[in-house]
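Engineer: quick one: sequence and predicted model below, then my questions.
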Amino acid sequence: MKNQKIINLRSFLFLILFLFSTSLISLRTLKMVNKQDIKISGSKFFSTNDVMSNSSLKLPVRLIFLKTNFLEKELKQNLSLKNVSVTRQIFPFGLKVHIKKRTPLAYGERILNDEKILGFFDKDGIFINKENAEETELSTLGIQVFGWEEKFKKILSKILVSQEKYEFEIVTITFLPNGFLTLEERDLKTLFLGFNPKLINYQLQIIDILKNQFKENKLSEKIDSIDLTDPNKPKIKVFKP
């Protein structure tokens, strides 16, 4: 009988504790989130002001009403982020924003509504707005990209990633309005790649082979341009004195 009373008392205390905790959590979800309640991690470059000015977030707002998925999409797009997670927190109270930045690999411009916008590109071929990149990340950039549009991001990514795999050194990447692709390599000069994005992997392999061959024969200074629109039949144009 005594043991039964102890069990009943414990059950009663647990119920009281559970109801108290539930009530406390419910009250805190209704609490207003203010600017000081936003905590940013993963990057010291972005501030609470950046989060607010690049999203639809309007403060103060009750924690329970925050649409975290929608905020994530807005911030990822508007701050040129690789990833971002937004989490509502009860203890400690507030909104946690964890940021994963993109790393610039090239200077460049994008074309949007016939307007040129200056910025940078990462290894995924994604455009980074100029105001969303740190100056300390830009000192080693040696590639320039011109005429980029959203449809060119995959092919641009393959070219930028190739710099880690091959020995050639791309200086400029140019997309003409009609989609024709031209590269400038430090020694091989102008490389015409043309319209077919399906050929890009093979064309990059040929560029690397040519680079090594001309390097061994010390002939690169005589090159004016190389037409690789048909990578099986490179057409090399040389300077004529």
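Structural biologist: Perfect, thanks for sending it.

Engineer: shaky segments in the protein?
Structural biologist: 1-30, 218-221, 239-241 (pLDDT under 70).

Engineer: let's see it at 50
Structural biologist: Across the chain, the ranges flagged by pLDDT under 50 are 2-7, 9, 12-28.

Engineer: helices of that one, start to end?
Structural biologist: Applying DSSP state H to the chain gives helices spanning 2-29, 48-53, 68-78, 153-165, 200-217.

Engineer: compute the inter-axis angle for the fourth one and helix 200-217.
Structural biologist: Relative orientation of helix 153-165 and helix 200-217, computed by axes from the mean of the first three to the mean of the last three C-alpha atoms, to 10 degrees: 30 degrees.

Engineer: give me the buried positions along helix 153-165.
Structural biologist: Using 16 or more other C-beta atoms under 10 Å as the test for burial, helix 153-165 gives Lys153, Ile155, Leu156, Ser157, Lys158, Ile159, Leu160, Ser162, Gln163. C-betas here are computed from N, CA, C, even on glycine.

Engineer: using TSV, lay out those together with distance to Asp37.
Structural biologist: As requested, the buried residues of helix 153-165 are exported to TSV (distance: C-beta to C-beta, whole Å):
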residue	distance to Asp37
Lys153	36
Ile155	43
Leu156	39
Ser157	38
Lys158	43
Ile159	44
Leu160	39
Ser162	45
Gln163	43
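
Engineer: near Glu185, how many residues? Count them for me, please.
Structural biologist: By other C-beta atoms under 10 Å, 19 other residues sit near Glu185.

Engineer: hmm, it is touching Asp208, no?
Structural biologist: No - the criterion here is C-beta atoms under 8 Å, and Glu185 misses it with Asp208 at 10.1 Å.

Engineer: overlap in contacts, those two.
Structural biologist: The contact sets of Glu185 and Asp208 overlap at Phe168 (C-beta atoms under 8 Å, 6 or more residues apart in numbering).

Engineer: Asn49 and Leu193, how far apart?
Structural biologist: Distance of Asn49 to Leu193, given as C-beta to C-beta, to the nearest Å: 43 Å.

Engineer: what's the answer for Thr68, then?
Structural biologist: 43 Å.

Engineer: so which of these two has more stuff around it?
Structural biologist: Set Thr68 next to Leu193 and count neighbours by other C-beta under 10 Å: Leu193 wins out with 25 against 14.

Engineer: break this structure into its domains for me.
Structural biologist: Domain assignment of the chain by automatic domain parsing yields the ranges 31-100, 106-238.

Engineer: nearest residue to Pro60 in space, ignoring adjacent ones along the chain?
Structural biologist: Nearest non-adjacent residue to Pro60, counting by C-beta to C-beta, 6 or more residues apart in numbering: Met32, 4.0 Å away.

Engineer: I figured the one you found hits Arg62, correct?
Structural biologist: Yes - with contacts counted by C-beta under 8 Å, Met32 reaches Arg62, the gap being 6.0 Å.

Engineer: identify the contacts common to those two.
Structural biologist: Counting by C-beta under 8 Å, 6+ apart, no residue touches both Met32 and Arg62.

Engineer: got a list of what the closest residue to Leu71 other than its chain neighbours touches?
Structural biologist: In space, and not counting its chain neighbours, Leu71 is closest to Val86: 4.7 Å by C-beta to C-beta, 6+ apart. Each residue near Val86 by C-beta under 8 Å, 6+ apart is listed here: Leu66, Thr68, Leu71, Glu72, Leu75, Leu95, Lys96, Val97, His98.
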